[in-house]
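1. Take a look and give me a structure for this.
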Amino acid sequence: MKNNSMENKMKEMIDSLYTTCLGAHDVAPQQQIQAREAIDALRMLCAYQTFDIEATRRENTKLRAMIHNAKKPNQ
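-> Residues are numbered from 1 along each chain as shown. Coordinates of the predicted model:
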């Protein structure tokens, strides 16, 4: 739940940035293209980071289970 909240907040912020940067009337077409590319790159970076955090969490859970199981027989 916490992760979905963070992901939703990031999406809202990126959408807000997109609207703010590209919604201005005095933005030149070249600047709009650059802003769109920068925002798209930011969106991909956020998606990758979210994926990486989830993968790390899953791996940590598995490693903790392995450590816990390894300690049991020795006790």
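2. How many residues are close by Cys21?
-> Residues lying near Cys21 (other Cβ atoms under 10 Å) number 16. (Glycine included, C-beta is placed from N, CA and C.)
3. pretty sure it contacts Ile39?
-> Yes. Using Cβ atoms under 8 Å, Cys21 is in contact with Ile39, at 6.8 Å.
4. Just want the most central residue of the protein.
-> In the chain, the residue lying closest to the centroid (Cα atoms, centre = their mean) is Cys46, at 3.1 Å.
5. Now it: which helix or strand?
-> helix 29-74 (DSSP states H and E).
6. Which other helices and strands does that helix contact?
-> Under the contact definition 3 or more Cβ pairs under 8 Å, 6 or more residues apart in numbering; DSSP states H and E, helix 29-74 sits against helix 2-23.
7. who touches the helix it packs on?
-> 27, 32, 35-36, 39, 42-43, 46, 50, 53-54 (Cβ atoms under 8 Å, 6 or more residues apart in numbering).
8. how about a cut-off of 7 Å?
-> Helix 2-23 has contacts (Cβ atoms under 7 Å, 6 or more residues apart in numbering) with 32, 35-36, 39, 42-43, 46, 50, 54.
9. May I ask which two of these are separated the most?
-> Within the contacts of helix 2-23, Gln32 and Glu54 form the most distant pair, 33.0 Å apart (Cβ to Cβ).
10. picking up where we left off before, which of the contacts of helix 2-23 are buried? Put it as a PyMOL command.
-> The following PyMOL line selects those of those that are buried, judged by 16 or more other Cβ atoms under 10 Å:
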select buried, resi 35+39+43+46+50
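11. Output the contacts of helix 2-23 as a markdown table; include the columns distance to Met13.
-> Output for those, formatted as a markdown table (distance: Cβ to Cβ, whole Å):
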| residue | distance to Met13 |
| --- | --- |
| Gln32 | 19 |
| Ala35 | 15 |
| Arg36 | 16 |
| Ile39 | 11 |
| Leu42 | 9 |
| Arg43 | 10 |
| Cys46 | 9 |
| Thr50 | 13 |
| Glu54 | 19 |
